[in-house]
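**Student:** Based on what follows, work out the 3D shape:
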Amino acid sequence: MQLVHYFQRVSTHEFLNKLGRLLRENKLAKIIEIIVVFLLAFLIIVTFKSNEASNLVYNQVVIWLANIVMLSIVFIGIKLRGEGLSQFGFSFKKITWRIGFKIFFQSIIVFILALSGFIIGSIIMANIIGIPESSDMGSYNYLKDNLGMLLLTLFGTYIVASFGEEVIYRAFLINRISELGLSSKTGKIIAVVISAVVFGLAHYTWGLMGIVQTGFMGLALGFCYLKLKKRIWVLILAHAYMDTILMLQLYLS
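**Tutor:** Here you go, the predicted model:
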């Protein structure tokens with residue numbers, strides 16, 4: 001019996017090693033990984049999201065769950081490859097006051113650039129369709145004048161959106177697309193553009209205006225990711241500033 005278990009462990013170990021090697025070296029495997037990450041999230045949202053207007057909090061939890069599943073697959077992929085989080089730009093070194101101030105300053109600059117991208121998207125759409133359509137933010141109606149839900153939502157948003165979206169749409173997507181023979185300067189620009197388009201489409205519930213706005217915001221964040229040599233923490237902080245402002249607006253509206 002112990003011998004059977006031994007061979008089962010060896011077989012599993014070999015399978016995981018082969019899978020990791022495929023993810024590192026095979027372009028088709030990389031494409032399948034990208035598809036799986038987004039397809040599973042889409043299926044979770046389509047399957048479990050409620051169409052009833054009263055299930056606002058429930059629908060928000062479903063979206064969070066989808067993002068957590070995406071993050072899990074991304075980190076499993078890193079583990080299978082035998083890579084570290086530094087490949088995505090994560091650094092866990094001791095932070096001095098000087099480094100902390102530099103990170104904060106850079107995050108403010110990235111925040112301004114991302115916000116500028118959002119505004120540029122608004123201006124472009126205003127010139128194309130005339131009067132901008134209103135974004136559908138109905139799923140956040142539960143925040144109005146509810147401080148407890150605001151704090152809880154901010155906590156979840158920082159993990160799922162501020163952290164999760166930067167890992168998925170910037171670190172994961174840009175790096176994986178670049179590995180598909182797009183490692184040159186032009187290739188990386190293409191990777192940033194594709195990631196921005198996907199990021200915009202992921203916000204389809206905000207309407208056409210929201211897709212373009214977040215698309216241009218994603219474009220700015222993507223270029224900042226490359227310009228800052230993948231310092232992902234800077235982007236996560238900048239994203240957190242934007243999420244905080246949005247949630248406060250919805251709370252006070």
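
**Student:** now the spatially most central residue of the chain: how far from residue 124?
**Tutor:** What sits nearest the mean C-alpha location of the chain, by C-alpha atoms, centre = their mean, is residue 165, with 1.7 Å. Separation of residue 165 from residue 124 (C-beta to C-beta, to the nearest Å) stands at 22 Å. From N, CA and C alone the C-beta is placed, and that goes for glycine too.

**Student:** Check residue 192 too.
**Tutor:** Distance from residue 192 to residue 124, by C-beta to C-beta: 18 Å.

**Student:** which one of those two has more residues nearby?
**Tutor:** residue 192 (24 against 14; other C-beta atoms under 10 Å).

**Student:** Could you look up the SS state of the nearest residue to the more buried one once chain neighbours are set aside?
**Tutor:** Excluding its sequence neighbours, the residue lying closest to residue 192 (C-beta to C-beta, 6 or more residues apart in numbering) is residue 222, at 3.6 Å. Using DSSP: H, G, I helix; E, B strand; the rest coil, the structure places residue 222 in helix.

**Student:** Show the low-confidence segments of the chain, by residue range.
**Tutor:** Within the chain, the segments meeting pLDDT under 70 span 1-10, 53-54, 130-143, 253.

**Student:** Quick check: longest helix in it by residues?
**Tutor:** Criterion DSSP state H: the longest helix present in the chain is helix 97-129.

**Student:** Now it: buried residues?
**Tutor:** 103, 106-107, 110-111, 113-115, 117-118, 120-122, 125 (16 or more other C-beta atoms under 10 Å).

**Student:** that older thread, neighbours around the residue nearest to residue 192, how many?
**Tutor:** Neighbours around residue 222, by other C-beta under 10 Å: 26.

**Student:** I figured it hits residue 196, correct?
**Tutor:** Yes. Between residue 222 and residue 196 there is a contact under C-beta atoms under 8 Å: 5.6 Å.

**Student:** Quick one: residues contacting the closest residue to residue 117 other than its chain neighbours.
**Tutor:** Spatial nearest neighbour of residue 117, excluding adjacent residues (C-beta to C-beta, 6+ apart): residue 220 at 3.5 Å. For residue 220, the contacting residues are 110, 113, 114, 116, 117, by C-beta atoms under 8 Å, 6 or more residues apart in numbering.

**Student:** Could I get the buried residue list for whatever helix or strand comes next after the longest helix of the chain?
**Tutor:** Counting by DSSP states H and E, the next helix or strand C-terminal to helix 97-129 is helix 147-157. Neighbour-count burial for helix 147-157 flags 149, 150, 153, 154, 156, 157 (criterion: 16+ other C-beta under 10 Å).

**Student:** Go ahead and confirm the third one touches residue 63.
**Tutor:** No. In this structure, residue 153 sits apart from residue 63 without contact. The criterion is C-beta under 8 Å, and the distance is 11.5 Å.

**Student:** what's around residue 224, how many residues?
**Tutor:** 23.

**Student:** Name the nearest residue to it, ignoring sequence neighbours.
**Tutor:** Residue 224's closest residue in space is residue 110 (C-beta to C-beta, 6+ apart), at 4.7 Å.

**Student:** do the same with residue 41
**Tutor:** residue 66 (4.0 Å).

**Student:** residues contacting the one you found?
**Tutor:** The contact partners of residue 66, taken as C-beta under 8 Å, 6+ apart, are 40, 41, 42, 44, 45.
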